[in-house]
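Chemist: sequence plus predicted model, see below.
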Amino acid sequence: MSPLLTTDRPIIEVASGTISPEVLARRLRSIADRPEGALVVHEIYRSIQGESTYAGLPCTFVRLTACHLRCNYCDTRHAFHEGRTRPVAEVVAETLAMGDALVEITGGEPLLQSEVYPLMARLLGAGRTVLLETSGAVDTSEVDPRVVVILDVKTPGSGEAASNLAANWERLHPHDEVKYVVSSRADFDWSVAHILDHRIADRAKVLMGAVHNRVDPTDLAGWILETSLPIRLQVQIHKILWEPNARGV
Ligand code: SF4
């Protein structure tokens, strides 16, 4: 393992050999020079939560800038670079002013910026339910256990399976959720084997979704029914309610 570039503390590691230091630095340039106590924020907005076991609820989303991965189906590439540097206190105030009991911190990869920890602590302290959507490729050991971690396990079809950090699976709490996004039947079979091999369903809730235009969700539903595993099929509600490529929803 090798430490990932951060401006203050070495909280992040990536699997060795998955990405060169030069590429990593280039991908993180947009957040590397942020001042202390500040976050680079792509957007803050209200919508209906489209995924997870919280789907359907009003939710405030805080989308942070930058990601060190490049999943080939990524639908938030606009968050790789675009963002505004803002003090944590300002981000907290705007998020709380939205008034939702549910807040999701997402990205990009939100754990790339260490100020995400005081952000989550202050939102928890204000009584919010905090969801953290993370790639699974960043160490989650410092995440407050009150946070609901929604952890991706990258499938081979994503092109980023080598980035999965296995240690994160040991840290799951029963309220956490593990998400598999499948591009093919082969990805589905790989995911089922992963769930069984690592006892993921005993550790957390299991979510599974289909990559748009690669797998028909109806087919995925049938595949899930072939198993006896407690896999929760998720369709991205926000993409049904609004244009699939709409932003800020
Ligand atoms: S981890 Fe998420 S934000 Fe990063 S490339 Fe993959 S899908 Fe996109």
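Modeler: In hand now; what should we look at?

Chemist: name the nearest residue to Ala126, ignoring sequence neighbours.
Modeler: In this structure, Ala126 finds its nearest non-sequential neighbour in Leu96, 5.6 Å apart by C-beta to C-beta, 6 or more residues apart in numbering. Yep, even glycine has a C-beta here, placed from its N, CA and C like the rest.

Chemist: and the helix or strand where that neighbour lies, what other elements does it pack with?
Modeler: With the criterion set as DSSP states H and E, the secondary-structure element containing Leu96 is helix 88-98. For helix 88-98, the elements it packs on are strand 38-48, strand 58-64, helix 116-125, judged by 3 or more C-beta pairs under 8 Å, 6 or more residues apart in numbering; DSSP states H and E.

Chemist: put the alpha carbons of the first one into PDB.
Modeler: Once side chains and other backbone atoms are set aside, the C-alpha atoms of strand 38-48 remain, and they are given as PDB (Å, rounded to 0.1, in the frame of the first residue of the first chain):
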ATOM      1  CA  ALA A  38     -11.800  24.500   4.200                       C
ATOM      2  CA  LEU A  39     -13.500  22.100   1.800                       C
ATOM      3  CA  VAL A  40     -13.700  22.200  -1.900                       C
ATOM      4  CA  VAL A  41     -17.400  21.800  -2.500                       C
ATOM      5  CA  HIS A  42     -18.900  20.900  -5.800                       C
ATOM      6  CA  GLU A  43     -22.600  21.500  -4.900                       C
ATOM      7  CA  ILE A  44     -25.100  21.500  -2.000                       C
ATOM      8  CA  TYR A  45     -28.700  20.800  -2.900                       C
ATOM      9  CA  ARG A  46     -31.900  19.200  -1.800                       C
ATOM     10  CA  SER A  47     -33.500  16.300  -3.600                       C
ATOM     11  CA  ILE A  48     -35.200  13.000  -3.000                       C
END
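
Chemist: in that strand, what's buried?
Modeler: Using 16 or more other C-beta atoms under 10 Å as the burial criterion, the residues of strand 38-48 that qualify are 38-44, 47.

Chemist: mind checking the SS state of Pro196?
Modeler: No Pro there; residue 196 is Leu. Look at Leu196: counting by DSSP: H, G, I helix; E, B strand; the rest coil, its state is helix.

Chemist: surely Ser135 meets Cys67?
Modeler: Yes - distance between Ser135 and Cys67: 7.0 Å, which falls inside the contact criterion (C-beta atoms under 8 Å).

Chemist: quick one on the thing from earlier: in a markdown table: the buried residues of strand 38-48, plus pLDDT and distance to the ligand.
Modeler: Converted to a markdown table, those look like this (pLDDT from 0 to 100; distance: C-beta to the nearest ligand atom, whole Å):
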| residue | pLDDT | distance to the ligand |
| --- | --- | --- |
| Ala38 | 96 | 21 |
| Leu39 | 97 | 16 |
| Val40 | 97 | 14 |
| Val41 | 97 | 15 |
| His42 | 96 | 10 |
| Glu43 | 97 | 13 |
| Ile44 | 98 | 17 |
| Ser47 | 95 | 17 |
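
Chemist: please, where are all the strands along this protein?
Modeler: Secondary structure of the chain by DSSP state E: the strands cover 2-3, 13-14, 38-48, 58-64, 84-87, 102-106, 129-134, 148-152, 177-182, 205-210, 231-233.
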